[in-house]
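> From the sequence below, what's the structure:
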Amino acid sequence: GLARVDLESATNLDLSAMGLQSQGLPEILGTLTGLGVETFRWILTVLIAGGFAVWCFKDAGFRASGRDVVAGIVLGLLVPVGFWTTGVLGYDMFDPTQLGSFTFVAPAGESLQYLMTFTGATINFGVAIVGGVILGSFLASIATRSFHWEAFQGTEDMATHLYGAALMGIGGVLALGCTIGQGLTGVSTLAVGSFIAWLSILAGGWVGMKSLEEGGVGPALQSLFGRG
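As a prediction, this is how the structure comes out:
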């Protein structure tokens, strides 16, 4: 915990010292250019959302897959639903609920804590979505007759998974979110930190896959720059 706090402190930027009130891209661009926050909020929303839509639907395989299209729409809609649930449905002036939506790094730890102390604890939104994903996945696998047991293939496979889990845990905590928490929920707020985390996740995933193909990080980077 101490090492994490020190690392976070060393890499934090005080945007208020630069005259900025938040890390939202519309606020930053609106303040720097003087064109207005709302103007940039609409411009960025149209460009980013429209760009993603064009990129997805230009693929014939994606367009032909109704399952993928519906899944994308549902996942996208769940983000504002999560904000509405915590900000409107769960609003209580005497017991304020932290505004948030779907993320799984902190809620996974909170779920373990809840299971250990549930007699003296109350369930929150994060714990509920972790349990909901597990239950929903189980029911979906039963309904589609795709349920099956999985296990490690051997010692090396187990070590690889443990190593990856450690990196995922550390990275998720330092980035304040995962592919869902930052890649979907965070990016939807147009926060600079979320875009940095999202791009880093993409880069890390690419290097990770290349490392598995090439037999290590070194060979993967060599392959990358060798082709450059």
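> how distant is the lowest-mean-pLDDT helix or strand in the chain from the center of its chain?
Sorting the helices and strands of the chain by mean pLDDT, DSSP states H and E puts helix 217-227 at the bottom, at a mean of 75. Helix 217-227 sits 27 Å away from the centroid of its parent chain (Cα atoms, centre = their mean, to the nearest Å).
> Which positions in that helix come out as buried?
By neighbour count with 16 or more other Cβ atoms under 10 Å, helix 217-227 contains the buried residues Ala220. C-beta: built from backbone N, CA, C; applies to glycine.
> ok, and what's touching it?
207, 210-211, 213-214 (Cβ atoms under 8 Å, 6 or more residues apart in numbering).
> out of those, which is most surrounded?
Counting neighbours by other Cβ atoms under 10 Å, Lys210 leads these with 18 neighbours.
> so which strand or helix has that one?
helix 192-214 (DSSP states H and E).
> Over to Phe83?
Take DSSP H and E as the rule and Phe83 turns out to sit in helix 66-84.
> After that helix, which helix or strand is next?
helix 105-117.
> quick one on the thing from earlier: looking just at contacts, which helices and strands does the helix holding Lys210 meet?
helix 25-33, helix 155-175, helix 187-188, helix 217-227 (3 or more Cβ pairs under 8 Å, 6 or more residues apart in numbering; DSSP states H and E).
> What residues sit buried inside the helix or strand harbouring Ser9?
According to DSSP H and E, Ser9 maps onto helix 2-11. For helix 2-11, burial by neighbour count (16+ other Cβ under 10 Å) applies to no residue.
> returning to that earlier point: any chance of JSON lines for the helices and strands packed on helix 192-214, columns distance to Phe52?
Shown next, in JSON lines, are the helices and strands packed on helix 192-214 (distance: least, Cβ to Cβ, whole Å):
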{"stretch": "helix 25-33", "distance to Phe52": "15"}
{"stretch": "helix 155-175", "distance to Phe52": "20"}
{"stretch": "helix 187-188", "distance to Phe52": "10"}
{"stretch": "helix 217-227", "distance to Phe52": "25"}
